[in-house]
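**Student:** Quick one, structure for this:
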Amino acid sequence: MTALHEPASGGIAGAPARGKTVAPGAEAPGHGADAALPGAPAGARVTGDGAGPAAPPVAWAPGPTAPETLTVAGIRAAATPILERLAATAKTREESRDYAFAEVRALAEVGIALTGIPTHEGGAGGTLRDVIELVVEIARADSNIAQALRSSFLTAEQVVARPDRPHRARTLARLRARDLFAGTANERTGGASGQVNAIARPDGADWIVNGEKYYSTGGLYATWFSTQARAGDGTVVRFTVPLDRAGIERLDDFDAVGQRLTASGTTRFTEVRIRADEVTELGTPEPANPWTGAFAQLYLAAVQAGVAARALDDAVWFVREKARPIKHSTATASTDDPYVRQTVGEIAARAQAARAVVLLAAETLQGVHGLTGDALRAAGAAASVHVAQAGVIAIESALAAAELLFDVGGGSITSRDLGFDRHWRNARTAANHNPRQWKQAVAGAYHLTGEEPPTTGLF
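**Tutor:** Coordinates of the predicted model:
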């Protein structure tokens with residue numbers, strides 16, 4: 001991908017305003033009762049608090065579609081113009097809370113989630129390194145979009161890594177149909193972390209679910225949602241349902257300081273019927289490799305690598321196009337100022353470090369595929385620790401790069417019109433998904449005593 005430049009004005013129309021509910025059948029303000037959000041999943045409408053009309057539509061022509069026989073190079077080539085569009089509008093979309101429905105749909109259509117699916121199953125046959133390289137480039141364009149797509153990439157990786165995955169064939173067919181996925185087990189109910197308070201009651205062979213899930217990342221873009229609820233006897237019922245199912249509401253209420261457009265708000269279930277064949281698991285089975293969160297954590301580290309890369313892009317652009325040497329500099333142009341050069345060099349080093357560690361961790365995690373028994377458990381633990389260590393470096397590199405960006409200019413680089421503060425805010429927010437102190441402590445225990453990482457899904 002070529003160097004990214006500063007955002008142009010304008011954005012993608014049709015994003016719901018903060019605090020609005022995306023639900024089946026409701027009217028979108030400013031669009032009329034029969035108008036869907038542009039590019040949004042079928043059936044999605046906006047209801048809310050009477051905010052003003054949506055911005056006028058911005059013309060959008062998707063890039064070339066992926067070839068019928070998918071290849072990694074073909075997917076990357078087809079995604080490039082879409083990513084350029086996302087990069088150019090990232091700042092203005094965050095300001096106006098515009099969701100990039102058209103671009104996300106275009107990325108899905110070129111087959112990004114099929115990058116790592118084997119060729120004989122309709123994918124591009126890429127390695128985990130190929131997948132993570134693509135994620136870094138998506139995050140470089142807009143880290144919000146990369147994180148919003150996380151569940152779709154996680155679903156694809158589970159299809160590859162777990163031949164015994166429940167409903168594997170059905171899930172693969174949905175991926176090949178270019179469907180997008182979301183899901184979360186998280187709740188905001190005041191209980192202990194991981195506590196399930198959503199209720200599932202039996203109704204014949206089906207279940208009726210009531211409850212709320214938070215951090216539903218990507219939920220406004222997705223077709224399918226995976227989560228869990230607890231039956232009266234304490235059994236955990238896991239299921240995947242279409243998001244246009246009656247009784248499901250998607251709320252745009254995620255209000256973090258960064259990653260504001262990841263669509264990570266609440267998903268509300270009110271008397272939602274879950275058919276028997278939509279239940280993926282009953283209870284909590286122990287997988288042979290219990291470190292099920294390794295790829296999910298690697299994905300977040302790749303998002304950080306993308307943030308660091310974008311900080312470098314913006315530093316280079318600002319120095320070349322906007323910056324002036326300080327009065328006492330010996331240089332006549334900021335590109336020649338030795339301290340500006342040193343700072344850009346440090347940002348570049350941080351970005352390279354983040355990229356390098358996530359790609360190396362991807363290769364380590366790839367080595368777990370195909371193993372069984374004791375070898376699988378040992379390799380799974382080692383890979384989980386490797387990913388945790390990569391996450392520490394990626395997080396710290398992104399935070400440092402995002403701060404150093406401001407050292408390549410004077411007061412003008414802090415202008416809100418540039419929106420460079422979003423890089424630090426995005427890195428900081430993504431870093432809080434699993435604090436790096438825990439990653440360091442777990443890695444230290446593993447190296448000192450051989451203690452295995454926690455099996456909480458965060459390693």
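
**Student:** which residues in this structure form strands?
**Tutor:** Using DSSP state E, the strands assigned to the chain run over residues 20-24, 44-47, 181-183, 199-203, 206-213, 224-230, 236-242, 248-252, 267-274, 279-282.

**Student:** okay if I get those strands as TSV plus mean pLDDT and distance to residue 92?
**Tutor:** Bear in mind the C-beta positions are built from the backbone N, C-alpha and C, glycine included. Written out in TSV, the entries for the strands of the chain read as follows (pLDDT from 0 to 100; distance: least, Cβ to Cβ, whole Å):
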stretch	mean pLDDT	distance to residue 92
strand 20-24	43	19
strand 44-47	35	20
strand 181-183	96	25
strand 199-203	97	42
strand 206-213	97	30
strand 224-230	96	29
strand 236-242	96	32
strand 248-252	97	18
strand 267-274	98	27
strand 279-282	90	39
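
**Student:** Would you map the helices across the stretch 251-400 of the chain?
**Tutor:** 294-321, 338-366, 373-404 (DSSP state H, counting those that start in this stretch).

**Student:** deepest of the ones you listed, which one?
**Tutor:** Taking mean count of other Cβ atoms under 10 Å as the contact definition, the stretch among those with the greatest mean neighbour count is helix 294-321, which reaches a mean of 26.

**Student:** Could you find the closest non-adjacent residue to residue 156?
**Tutor:** Counting by Cβ to Cβ, 6 or more residues apart in numbering, residue 156 lies nearest to residue 113, which is 4.8 Å off, once chain neighbours are set aside.

**Student:** Hmm, residue 180 and the one you found touching each other?
**Tutor:** Yes - distance between residue 113 and residue 180: 7.4 Å, which falls inside the contact criterion (Cβ atoms under 8 Å).

**Student:** Quick check: buried residues in stretch 278-289?
**Tutor:** Buried residues in stretch 278-289, counting neighbours by 16 or more other Cβ atoms under 10 Å, are found at 278, 279, 280, 289.

**Student:** likewise stretch 196-204?
**Tutor:** Buried residues in stretch 196-204, counting neighbours by 16+ other Cβ under 10 Å, are found at 196, 198, 199, 200.

**Student:** picking up where we left off before, give the residues shared as contacts by residue 113 and residue 180.
**Tutor:** 149, 152 (Cβ atoms under 8 Å, 6 or more residues apart in numbering).

**Student:** Spatially central residue for the protein, please.
**Tutor:** The central residue of the chain, meaning the one whose C-alpha is nearest the mean C-alpha position (Cα atoms, centre = their mean), is residue 147 at 1.3 Å.

**Student:** where does the chain have its least confident helix or strand?
**Tutor:** For the chain, counting by mean pLDDT, DSSP states H and E, strand 44-47 ranks last in confidence among helices and strands (a mean of 35).

**Student:** pLDDT below threshold where in this structure?
**Tutor:** 1-68, 190-193 (pLDDT under 70).

**Student:** Let me see the contact set for the residue lying closest to residue 434 once chain neighbours are set aside.
**Tutor:** When the adjacent residues along the chain are set aside, residue 434 lies closest to residue 458, with 4.7 Å between them (Cβ to Cβ, 6+ apart). By Cβ under 8 Å, 6+ apart, residue 458 lies in contact with 293, 297, 434, 438.

**Student:** Does the second one touch residue 459 like I think?
**Tutor:** Right, residue 297. Yes - using Cβ under 8 Å, residue 297 is in contact with residue 459, at 6.8 Å.

**Student:** Show me the common contact partners of these two, please.
**Tutor:** Common contacts of residue 297 and residue 459 (Cβ under 8 Å, 6+ apart): 387, 388, 434.

**Student:** Mind putting those into CSV with distance to residue 165?
**Tutor:** Output for the shared contacts of residue 297 and residue 459, formatted as CSV (distance: Cβ to Cβ, whole Å):
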residue, distance to residue 165
387, 20
388, 24
434, 23
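
**Student:** Can you tell me how far residue 134 is from residue 73?
**Tutor:** Look at residue 134 and residue 73: by Cβ to Cβ, to the nearest Å, they are 11 Å apart.

**Student:** So which of these two has more stuff around it?
**Tutor:** Neighbour tally, residue 134 and residue 73, criterion other Cβ atoms under 10 Å: the higher count belongs to residue 134, 26 against 12.

**Student:** burial of the closest residue to the more buried one other than its chain neighbours, as a residue count?
**Tutor:** Take residue 134 and drop its neighbours on the chain: the residue closest to it by Cβ to Cβ, 6+ apart is residue 115, 5.7 Å away. A count of nearby residues for residue 115, using other Cβ under 10 Å, gives 26.

**Student:** Isn't residue 115 up against residue 126?
**Tutor:** Yes - taking contact to mean Cβ under 8 Å, the distance of 4.5 Å between residue 115 and residue 126 places them in contact.

**Student:** between those two, what contacts are shared?
**Tutor:** When contacts are counted by Cβ under 8 Å, 6+ apart, the set common to residue 115 and residue 126 consists of residue 72.

**Student:** State the number of residues packed around residue 369.
**Tutor:** Neighbour count for residue 369, taken as other Cβ under 10 Å: 14.

**Student:** tally of neighbours for the nearest residue to it once chain neighbours are set aside?
**Tutor:** In space, not counting the residues next to it along the chain, residue 369 is nearest to residue 161; the distance is 5.7 Å by Cβ to Cβ, 6+ apart. Residue neighbour count, defined by other Cβ under 10 Å, stands at 19 for residue 161.

**Student:** same question, residue 205
**Tutor:** Residue 205 has 9 neighbours, counted by other Cβ under 10 Å.

**Student:** Would you check how far apart it and residue 228 are?
**Tutor:** 18 Å.

**Student:** can you check residue 149 too?
**Tutor:** For residue 149, the distance to residue 228 under the criterion Cβ to Cβ works out to 22 Å.

**Student:** Comparing the two, which residue is more hemmed in?
**Tutor:** For residue 149 versus residue 228, the count of surrounding residues by other Cβ under 10 Å is larger for residue 149: 28 against 21.

**Student:** The more buried one against residue 100, yeah?
**Tutor:** No - Residue 149 is not in contact with residue 100 according to Cβ under 8 Å; the separation is 10.9 Å.

**Student:** Mind putting the helices of the stretch 251-400 of the chain into TSV with distance to residue 108?
**Tutor:** Rendered in TSV, the data for those read as follows (distance: least, Cβ to Cβ, whole Å):
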stretch	distance to residue 108
helix 294-321	17
helix 338-366	22
helix 373-404	25
